[in-house]
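K.L.:
Give me the fold of what follows.
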Amino acid sequence: MQRLAYWIHTQGATDEKDGDTLIEKDELITQLSQYIGEIAEQKRLQKHHLKGEAKRFVDHIRERSGLLNEQGQDKYAFVHKTFQEYLTAQEIRDRQIDDFDEVLKHIREYLHNSHWREVLLLLIAQQKRSHPKKVIEEILKQDTPYEEWLHRNLFFAGSCLAEDLELSDDSLIKEILDRLVELEISDDDLVGSSIKSQVFQTLCSLNETRFQKQALNLLQESADRIDKVRLQEYRAALGEKERAIAELLSQLQDEDSDVLSRAANALGKLGNASPQVVEALLSRLQDEDSDVRFLAADALGKLGNASPQVVEALLSRLQDEDSLVRYGAADALGKLGNTSPQVVEALLSQLQDEDYRVRDRAAEALGKLGNASPQVVEALLSRLQDENSRLRYGAADALGKLGNTSPQVVEALLSQLQDEDYRVRDRAAEALGNLGNTSPQVVEALLSRLQDEDYRVRSLATDALGKLGNASPQVVEALLSRLQDEDYRVRSLATDALGKLGNASPQVVEALLSRLQDEDYLVPSSAADALGKLGNASPQVVEALLSRLQDEDYRVRSLATDALGKLGNASPQVVEALLSRLQDEDYLVPSSAADALGKLGKNSSDVTDAVARWISQHQNLKYVGKGIDVLWGLVAGDA
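P.N.:
You can find the predicted model right below:
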């Protein structure tokens with residue numbers, strides 16, 4: 001079986017990371033016949049019996065052992081890829097008895113091939129005596145492309161240590177750990193966030209190995225150069241979880257709200273909702289600083305502890321003098337999933353909060369709770385008739401988030417499109433878009449609201465039509481007419497809606513191109529995004545988007561770069577223009593450019609070469625990490 005597994009594994013695609021390796025039945029029989037033929041003399045088998053023996057063997061391992069199974073007509077694969085990988089590793093290990101170079105040969109040939117990763121790790125983990133040192137040295141000396149920036153050999157060596165390898169060479173261990181820690185304390189902008197993420201993952205994987213204490217000691221020696229919250233995350237992963245939690249709790253008292261926020265998030269990631277953590281957060285709900293109270297509410301929502309004490313404390317914060325705290329409390333209550341009448345009533349009352357953000361969050365929280373709470377729908381429907389318009393539009397907003405598309409709800413929202421208060425009309429229009437009911441009655445009603453006297457109603461009716469996906473000539477024409485609306489917000493949402501509908505006719509493309517010149521930044525941004533969605537990569541569209549990369553507004557530049565990535569044109573002109581945006585002064589634009597280059601590089605090796613050249617030319621500059629992130633995505637992907 002080991003030999004067969006090895007052969008099957010060699011037939012797998014290099015990018016076949018998770019899927020099964022499928023083998024045609026005839027190929028499988030032929031290969032088995034060859035193996036059986038090699039021992040035919042010992043078994044005194046006639047050659048014409050070989051195929052019969054091979055077929056019987058396949059039937060046996062399929063029906064008795066269950067290792068192979070039939071997938072599709074006359075195709076076979078191991079029932080779990082793990083079996084295939086384990087047996088393949090065992091086959092190589094058996095071969096190394098006669099020649100250890102078999103192991104080194106496979107490392108040289110398959111080191112960064114994701115299909116072979118687990119095989120190599122299984123093989124390396126079984127090495128004894130002097131072999132582990134030879135293996136690690138072979139890994140580190142490989143001439144891997146872009147190693148100076150991507151450090152893939154180093155990360156793989158770290159993954160070998162995570163297998164608790166019996167490596168006794170202290171200097172080699174120290175070299176690997178020192179290099180990983182050196183990357184950890186390097187400037188993110190110079191090494192890239194992808195590399196930092198790999199460093200964190202690699203070091204944390206040393207948990208419960210003979211190397212974890214040494215790794216943690218090295219990190220703590222450089223504590224003054226490591227973010228203090230991140231250092232506690234390392235401690236939690238590398239054997240000092242309780243101490244790390246205690247330190248994170250103390251950071252909840254930090255005057256720096258950023259530290260407090262990340263400490264709370266870290267506790268949430270650790271899944272620690274212990275009484276000690278909850279008590280600390282509850283005390284912060286009473287802090288005199290409203291930012292701290294908000295962050296405490298947010299953290300309590302993430303921890304998932306829905307005890308009466310927590311719920312009561314959050315309910316009290318719904319009355320906080322600061323709207324941001326009320327917002328955080330409403331959001332947390334939605335996450336905790338408590339559908340008691342007390343919680344539902346409190347959130348319903350927040351639908352008339354003076355701050356729209358609180359109203360929106362309360363509506364969303366009710367939406368999260370609503371599926372388990374039919375009384376919420378009834379309460380909201382009754383509020384649609386209230387004389388207080390603030391209650392009516394809060395109820396309309398909440399109904400759109402509940403996901404209940406019953407005729408009763410849809411009819412009630414349609415009637416609210418005629419409400420005397422524009423706020424009720426716009427929320428009803430948005431709710432209908434969210435619910436996804438594309439009946440002629442709904443579409444007609446929304447089309448009529450495109451002529452509403454209030455721009456907000458026209459805006460949300462336009463947006464709703466885009467969400468519903470009805471690309472009939474009537475709808476497209478109506479949206480095209482809104483591109484000339486006197487209000488820039490309506491024009492922006494009309495361009496966005498046309499992008500969603502997918503109509504890439506010359507008329508639509510021309511209209512969107514004209515909006516790239518709109519005087520308000522929001523409209524060109526939406527037009528660029530819409531053109532990217534429509535996928536028209538004509539020279540005219542590409543040139544227009546390239547010109548927007550120089551726009552004075554960062555949002556236009558960002559969405560133009562994103563659109564170019566979607567269009568798939570990887571010409572040198574486009575690639576060079578996107579590379580130049582990696583050094584844009586606004587953080588959003590380099591991120592969009594990196595993402596766009598990543599998309600284009602999937603279908604063009606020229607992009608990878610261009611990115612590598614760019615890094616080489618800019619490697620001493622502050623923003624080079626953005627290019628390294630792109631290169632990592634193109635070369636290593638999810639490795």
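K.L.:
how about the CA coordinates for stretch 404-416, as CSV?
P.N.:
C-alpha atoms of stretch 404-416 as CSV (Å, rounded to 0.1, in the frame of the first residue of the first chain):
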residue,chain,number,x,y,z
ASN,A,404,-39.0,38.2,7.6
THR,A,405,-40.5,38.4,4.0
SER,A,406,-44.1,37.5,4.8
PRO,A,407,-46.8,39.2,2.8
GLN,A,408,-47.9,41.1,5.9
VAL,A,409,-44.4,42.6,6.4
VAL,A,410,-44.0,43.5,2.7
GLU,A,411,-47.4,45.1,2.5
ALA,A,412,-46.8,47.1,5.6
LEU,A,413,-43.5,48.4,4.2
LEU,A,414,-45.0,49.2,0.9
SER,A,415,-47.7,51.4,2.6
GLN,A,416,-44.9,53.2,4.4
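K.L.:
Going by residue numbers, what spans are helices in the stretch 201-350 of the chain?
P.N.:
Assigned helices in the stretch 201-350 of the chain, in chain order: 212-221, 228-237, 241-251, 257-269, 275-284, 290-303, 308-317, 323-336, 341-349 (criterion: DSSP state H, counting those that start in this stretch).
K.L.:
Compare those and say which comes out lowest on pLDDT.
P.N.:
Ranked on mean pLDDT, the bottom entry among the helices of the stretch 201-350 of the chain is helix 257-269, at a mean of 79.
K.L.:
Would you mark the buried spots in that one?
P.N.:
Neighbour-count burial for helix 257-269, with 16 or more other Cβ atoms under 10 Å as criterion, is recorded at 259-268. Just so you know, the C-beta spots here come from the backbone N, C-alpha and C atoms, and that holds for glycine as well.
K.L.:
Give me the below-cutoff pLDDT ranges for the protein.
P.N.:
13-20, 38-49, 64-66, 271-273, 370-373, 638-639 (pLDDT under 70).
K.L.:
Report the contact partners of residue 496.
P.N.:
463, 466, 526, 529-530 (Cβ atoms under 8 Å, 6 or more residues apart in numbering).
K.L.:
all helices for the stretch 1-150 of the chain, in order.
P.N.:
2-10, 25-38, 40-43, 50-60, 81-96, 101-110, 117-125, 131-140, 147-150.
K.L.:
The fourth one: which residues count as buried?
P.N.:
Spelled out, it's helix 50-60. For helix 50-60, a neighbour-count test (16+ other Cβ under 10 Å) marks 50-51, 53-54, 57-58 as buried.
K.L.:
about what we covered before: just tell me which of the helices of the stretch 201-350 of the chain ends up closest to residue 557.
P.N.:
helix 257-269 (26.9 Å; Cβ to Cβ).
K.L.:
quick one on the thing from earlier: which one, of the helices of the stretch 1-150 of the chain, ends up nearest to residue 347?
P.N.:
Nearest of the helices of the stretch 1-150 of the chain (Cβ to Cβ): helix 81-96, 46.9 Å.
K.L.:
So which elements touch that closest one?
P.N.:
helix 2-10, helix 101-110, helix 117-125 (3 or more Cβ pairs under 8 Å, 6 or more residues apart in numbering; DSSP states H and E).
K.L.:
can you list the contacts of residue 496 in CSV and add neighbour count, distance to residue 208 and secondary structure?
P.N.:
Output for those, formatted as CSV (neighbours: other Cβ atoms under 10 Å; distance: Cβ to Cβ, whole Å; DSSP: H, G, I helix; E, B strand; the rest coil):
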residue, neighbour count, distance to residue 208, secondary structure
463, 24, 51, helix
466, 22, 51, helix
526, 28, 51, helix
529, 22, 47, helix
530, 27, 51, helix
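K.L.:
okay if I get the residues you listed as TSV plus distance to residue 311?
P.N.:
Output for the contacts of residue 496, formatted as TSV (distance: Cβ to Cβ, whole Å):
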residue	distance to residue 311
463	35
466	38
526	41
529	41
530	44
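K.L.:
what's the closest non-adjacent residue to residue 160?
P.N.:
residue 124 (5.2 Å; Cβ to Cβ, 6 or more residues apart in numbering).
K.L.:
I'd like the distance between the one you found and residue 83.
P.N.:
19 Å (Cβ to Cβ, to the nearest Å).
K.L.:
Please apply the same query to residue 457.
P.N.:
61 Å.
K.L.:
cool, and residue 245?
P.N.:
39 Å.
K.L.:
same thing with residue 35?
P.N.:
The gap separating residue 35 from residue 83 is 18 Å, by Cβ to Cβ.
K.L.:
ok, now residue 356?
P.N.:
57 Å.
K.L.:
Would you mind telling me which of those two has more residues around it?
P.N.:
Remark: of residue 356 and residue 83, residue 83 carries more neighbours, 16 against 13, as counted by other Cβ atoms under 10 Å.
K.L.:
separation between the more buried one and residue 621?
P.N.:
49 Å.
K.L.:
coming back round to it: just send the helices and strands packed on helix 81-96 back as JSON lines, with distance to residue 137 too.
P.N.:
As requested, the helices and strands packed on helix 81-96 are exported to JSON lines (distance: least, Cβ to Cβ, whole Å):
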{"stretch": "helix 2-10", "distance to residue 137": "25"}
{"stretch": "helix 101-110", "distance to residue 137": "10"}
{"stretch": "helix 117-125", "distance to residue 137": "12"}
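K.L.:
Over to residue 222: give its phi and psi.
P.N.:
phi -110, psi 30 (degrees, to the nearest 10).
K.L.:
Would you mind confirming that it makes contact with residue 183?
P.N.:
No. Taking contacts as Cβ atoms under 8 Å, residue 222 lies outside contact range of residue 183: 11.2 Å.
K.L.:
what do those two both touch?
P.N.:
With Cβ under 8 Å, 6+ apart, residue 222 and residue 183 have no common neighbours.
K.L.:
Of the two, which one has the most company?
P.N.:
It is residue 183, of residue 222 and residue 183, that has more neighbours when counted by other Cβ under 10 Å, with 20 against 13.
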